[in-house]
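# Here you go, sequence then predicted model.
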Amino acid sequence: MSENLWKEALKLFAGGVNSPVRAAVKPYPFYVEKAEGAYLYTVDGKRLIDYVLGYGPLFLGHRHPYVENKIIEQLQKGWLYGTPSPIEVKLAEKIISHIPSAQKIRFVNSGTEATMLALRLARGYTGREKILKFNGNYHGAHDYGLVEAGSAATEFNVSTSNGIPALVRNTVEICEYNDLGCVEKKLKNEDIAGVIVEPIMGNMGLILPEKGFLEGLRELTRSYNTLLIFDEVITGFRLGLSGAQGYFNVIPDLTTLGKIIGGGLPIGAVAGKSEIIDLLTPSGKVFNAGTFNANPLSMAAGVATIEVLEREKVYDTARDSANAFSEELKTLLEKKGITFTLNRVESMFQVFFGVREVKNATQAKQSDKSFYFRVHQKMLEQGVFIPPSQFEVIFSSGVHNSHIVNATLEAVKKVITEL
Ligand SMILES: Cc1ncc(COP(=O)(O)O)c(C=O)c1O
Ligand SMILES: N[C@H](C=O)CCC(=O)O
């Protein structure tokens, strides 16, 4: 049972887990035995409707049959060669055909590696050392990203991690999201190699770019010869086949990807202009390597996932289900007279309590996160798993069909009535 496993885990792992957000489920995390479609099945015999979906990768739900078969097919041919394989060419061609900024690509094994490499590329391309990120943006668990970072770094009050050398910390400039004035000032006064941004913030809850923000970043970075990096680890292939850059029609110099492009297996990627990507070893002098870079299993899962996205109505189903869930939540919260704001785009959303708007990380942190946590707990009691942390996103998928949505709406009605 979960409680017994938890007691064992506390003896084995820091905080009992291998990624901190998982410990935010109280009084202890439930352990999952198996998953199928939109459901998680816990070791305690519970079935949960899953709106976390591995924190984004499982846009097709758990064990999509086509993806599973393609993984098994690859498995039966071997799963690591230490050489190039045909499937990596196929995934690269698919991604490059859809992502406007992508002329070439390098596969790595996580979003963390992807953003760390993108920043190194920006420094190698410009010869500059500083980077600019935004308060509450989360670019993974490397030293340059863990400065004013969102997600579990904020949840566990360590938005700037211990252990980061001052020399590194001092190369990271910070602005508030949606604050172009700050960006212009930093670009004017500092030698910035690259500006990295989540085009839609998915690690402080959900926060949308204000009209003109992304366009302004593009204009400013171009005028200061600074690279613009879109961190699309969450939004890539979730907002559409062309990601946030297609959705907003703002084309960065580099794009980092992860999550969905691996279909639920470990993956990351840096894509962008050939002249920048070609700086990577062996063609250039910006080093990157990885035992599992472009591993055939992740490649096969990624190709299969994008093939399904190209031919099935995943985007419509996921958007419609997120819309139904969020609209019901809004209606019931308004009826109850509860102060809240809800940000939604396509298949992802998040609700914030005690505030009327959330347009940046500072405002997100002012929301009543303990009220959100109560909603998470009550939804869990009703068999619906939404993130335990205010600073994550509620994700739907191509398998959150009307039956699943109806069950979710029943749960929402019970929860909001009890609040
Ligand atoms: C926007 C963004 N960038 C980077 C990362 C890091 O990716 P990973 O967890 O695969 O290292 C994440 C999620 O963790 C993310 O949401
Ligand atoms: N916000 C993170 C990634 O999107 C949550 C996943 C994790 O860090 O465990």
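Perfect, thanks for sending it. Ligands and ions are numbered 1, 2, ... in the order given.

# Can you list the buried residues in the longest helix along the chain?
If you go by DSSP state H, the chain has its longest helix at helix 314-336. Buried positions in helix 314-336, judged by neighbour count with 16 or more other CB atoms under 10 Å: 314-315, 317-326, 328-330, 332-333. All C-beta spots, glycine's among them, are computed from the backbone N, C-alpha and C.

# For residue 16, give its distance to ligand 2.
Using CB to the nearest ligand atom, to the nearest Å, we find residue 16 at a distance of 14 Å from ligand 2.

# Find the closest residue to ligand 1 in the stretch 251-400 of the chain.
Residue nearest to ligand 1 within the stretch 251-400 of the chain: residue 258 (4.6 Å; CB to the nearest ligand atom).

# The stretch 251-400 of the chain: strands as residue ranges?
Secondary structure of the stretch 251-400 of the chain (DSSP state E, counting those that start in this stretch): strands located at 254-258, 268-272, 340-345, 348-353, 384-385, 394-395.

# Against which helices or strands is the fourth one packed?
So that's strand 348-353. Contact here means 3 or more CB pairs under 8 Å, 6 or more residues apart in numbering; DSSP states H and E; on that basis strand 348-353 packs against helix 314-336, strand 340-345, helix 369-381, strand 394-395.

# same check, this time on the second one
With contacts defined as 3+ CB pairs under 8 Å, 6+ apart, strand 268-272 has these neighbours: helix 86-98, strand 104-108, helix 111-126, strand 254-258.

# got the angle for the last one vs strand 268-272?
What that stands for is strand 254-258. Interaxial angle, strand 254-258 versus strand 268-272 (axes from the mean of the first three to the mean of the last three CA atoms, to 10 degrees): 160 degrees.

# Please list the residues of the stretch 151-300 of the chain that sit near ligand 2.
Counting by CB under 6 Å from any ligand atom, the stretch 151-300 of the chain comes close to ligand 2 at 151-152, 203.

# Return the member of those residues nearest to ligand 2.
For these, the nearest to ligand 2 is residue 151 (3.6 Å; CB to the nearest ligand atom).

# For the stretch 301-419 of the chain, give me the ranges with low pLDDT.
Along the stretch 301-419 of the chain, segments meeting pLDDT under 70 are nowhere present.

# ok, the nearest residue to residue 267 once chain neighbours are set aside - contacts?
Counting by CB to CB, 6 or more residues apart in numbering, residue 298 is the residue found nearest to residue 267 once chain neighbours are left out, at 4.5 Å. Residues near residue 298 by CB atoms under 8 Å, 6 or more residues apart in numbering: 107, 109, 262-263, 265-267, 292.

# Could you save the residues of the stretch 151-300 of the chain next to ligand 2 as a markdown table and add columns showing secondary structure, pLDDT and neighbour count?
Converted to a markdown table, those look like this (DSSP: H, G, I helix; E, B strand; the rest coil; pLDDT from 0 to 100; neighbours: other CB atoms under 10 Å):
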| residue | secondary structure | pLDDT | neighbour count |
| --- | --- | --- | --- |
| 151 | coil | 97 | 26 |
| 152 | helix | 97 | 23 |
| 203 | coil | 98 | 29 |
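
# Which ones among the residues you listed also lie next to ligand 1?
Okay, of those touching ligand 1 (CB under 6 Å from any ligand atom), that's residue 203.

# Contact partners for residue 13?
Here residue 13 is in contact with no residue (CB under 8 Å, 6+ apart).

# ok, now with 10 Å
19, 22-23 (CB atoms under 10 Å, 6 or more residues apart in numbering).
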